[in-house]
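Enquirer: All I have is the shape, not the residue letters:
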């Protein structure tokens, strides 16, 4: 089954404790991205990657890092999480971004930073 | 700059009523793509439809229909004979052509269908 898999689904952590949210897709998509969803703001792009070893900032990259060492994986790293990073996070992948193909989203990761 | 506006924050309808969710977008690009996604209470994002800027044909899929009008920069979504399972948050999104493929999402419309 074609899918984007995120882990964990739920995470509660304390301020300053590094964490990684994993994302993996099995569709051989070159394009992957991360979004955060906050009430009243919709989804906003954090980082994106057009291919292995190619990543770039989205609209809200502060406090986040990503890496793309393999095509299928695109982890999101919070080096020192803060309460304002409490949010619902989505990983997404697309087949032909230049042609506007739809994005496939993971199940979401609900992160709470206390 | 791209922007998507979903002015309706919350809508409640009684089962079997028709409901239209509004979406207005802004873009300077001549080539762009519009999408609707559904987010049920379980939280995942489910793709519903994609439209490119050169295709203004309306589309119907079962009880769902979409009306794309470039003249008014709108891409509205109608559910006919609504059902309780339609209760969800619906997002309209815009992406431009090019490698960045960033999706600009509206703030979503929460639809509640009352039995």
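Expert: Received it, and whenever you're ready, just let me know what you need. Here the structure is a predicted model, which is why all the values come from computation and not from measurement.
Enquirer: Let me see the ranges of the strands in chain A.
Expert: A:4-7, A:10-13, A:19-25, A:31-38, A:42-51, A:54-57, A:65-66, A:76-78, A:87-94, A:104-105, A:109-113 (DSSP state E).
Enquirer: Would you mind putting those into JSON lines with mean pLDDT alongside?
Expert: Below are the strands of chain A laid out as JSON lines (pLDDT from 0 to 100):
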{"stretch": "strand A:4-7", "mean pLDDT": "96"}
{"stretch": "strand A:10-13", "mean pLDDT": "96"}
{"stretch": "strand A:19-25", "mean pLDDT": "98"}
{"stretch": "strand A:31-38", "mean pLDDT": "95"}
{"stretch": "strand A:42-51", "mean pLDDT": "92"}
{"stretch": "strand A:54-57", "mean pLDDT": "92"}
{"stretch": "strand A:65-66", "mean pLDDT": "98"}
{"stretch": "strand A:76-78", "mean pLDDT": "98"}
{"stretch": "strand A:87-94", "mean pLDDT": "96"}
{"stretch": "strand A:104-105", "mean pLDDT": "94"}
{"stretch": "strand A:109-113", "mean pLDDT": "97"}
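Enquirer: Any chance of the ones you listed in TSV with mean neighbour count and distance to residue B:72 as columns?
Expert: In this view, the C-beta of every residue, glycine as well, is placed from N, C-alpha and C. Shown next, in TSV, are the strands of chain A (neighbours: other Cβ atoms under 10 Å in any protein chain shown; distance: least, Cβ to Cβ, whole Å):
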stretch	mean neighbour count	distance to residue B:72
strand A:4-7	18	34
strand A:10-13	13	41
strand A:19-25	19	36
strand A:31-38	24	27
strand A:42-51	21	21
strand A:54-57	14	33
strand A:65-66	18	38
strand A:76-78	19	37
strand A:87-94	24	28
strand A:104-105	21	28
strand A:109-113	19	37
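Enquirer: Quick check: which of those is nearest to residue B:27?
Expert: Nearest to residue B:27 among those is strand A:42-51 (15.9 Å), distances taken as Cβ to Cβ.
Enquirer: Partner strands of that closest one and their direction?
Expert: Strand pairing for strand A:42-51, determined by DSSP bridges: strand A:31-38 (antiparallel), strand A:54-57 (antiparallel).
Enquirer: got those as JSON lines, with distance to residue A:96 columns?
Expert: Shown next, in JSON lines, are the strands paired with strand A:42-51 (distance: least, Cβ to Cβ, whole Å):
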{"stretch": "strand A:31-38", "distance to residue A:96": "8"}
{"stretch": "strand A:54-57", "distance to residue A:96": "16"}
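Enquirer: among those strands, which is nearest residue B:66?
Expert: strand A:31-38 (22.8 Å).
Enquirer: who touches that closest one?
Expert: By Cβ atoms under 8 Å, 6 or more residues apart in numbering or on different chains, the residues outside strand A:31-38 that reach it are A:23, A:25, A:43-51, A:58, A:60, A:64, A:66, A:68, A:74, A:76, A:87-95, A:97, A:103, A:108, B:99, B:101-103, B:105.
Enquirer: start to end distance for stretch B:14-26?
Expert: Distance between the two ends of stretch B:14-26: 32 Å, counting by Cα to Cα, to the nearest Å.
Enquirer: next one: stretch B:81-89
Expert: Chord length of stretch B:81-89, first to last residue, is 18 Å (Cα to Cα).
Enquirer: what pLDDT, on average, does that stretch get?
Expert: Mean pLDDT, stretch B:81-89: 97.
Enquirer: contacting residues for residue B:48?
Expert: By Cβ under 8 Å, 6+ apart, the contact list for residue B:48 reads B:35, B:36, B:37, B:38, B:64, B:77, B:90.
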